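*Asks:* Fold the following.
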Amino acid sequence: MYRYYTKGVCSKSILMDIEGNILKDVVFEGGCSGNTIGIKHLVEGKDIDDIIKNLEDIPCKNRGTSCPDQLAKALKIYKKYVYNK
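*Replies:* Numbering: from 1, shown residues only. Sure, this is the predicted structure:
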């Protein structure tokens, strides 16, 4: 599992289990439970490149980011520093 500490959103962190380029499991710690559970069900089993493309730059209120956007950021960091090594 990989943990990403979020910035600018209600959730505190995101735990991700990734195999190859597939997001197997994701858990948001904190945040709006209905939304984060919905995100979980929509993205699990999907290719991380598709997830990034679909969730990147989604805003929440006037924050300039959101829980979906934070997941996209976390996956981009994973790709850059872990997966592509």
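*Asks:* Every contact and neighbour count from this point should use C-alpha atoms.
*Replies:* Fine.
*Asks:* those strands in the chain, which residues are they?
*Replies:* Per DSSP state E, the chain carries strands over the ranges 2-5, 11-19, 22-30, 46-47.
*Asks:* Quick one: residues in contact with the first one.
*Replies:* So that's strand 2-5. 12, 13, 14, 15, 16, 17, 74 (C-alpha atoms under 8 Å, 6 or more residues apart in numbering).
*Asks:* Between which two of those residues is the distance greatest?
*Replies:* 12 and 17 (17.1 Å; C-alpha to C-alpha).
*Asks:* Grab the nearest non-local neighbour of the residue positioned nearest the centre of the chain.
*Replies:* Closest residue to the average C-alpha location of the chain: residue 71 at 1.8 Å, with C-alpha atoms, centre = their mean. Spatially, and ignoring its direct neighbours in sequence, residue 71 is nearest to residue 14 (7.2 Å; C-alpha to C-alpha, 6 or more residues apart in numbering).
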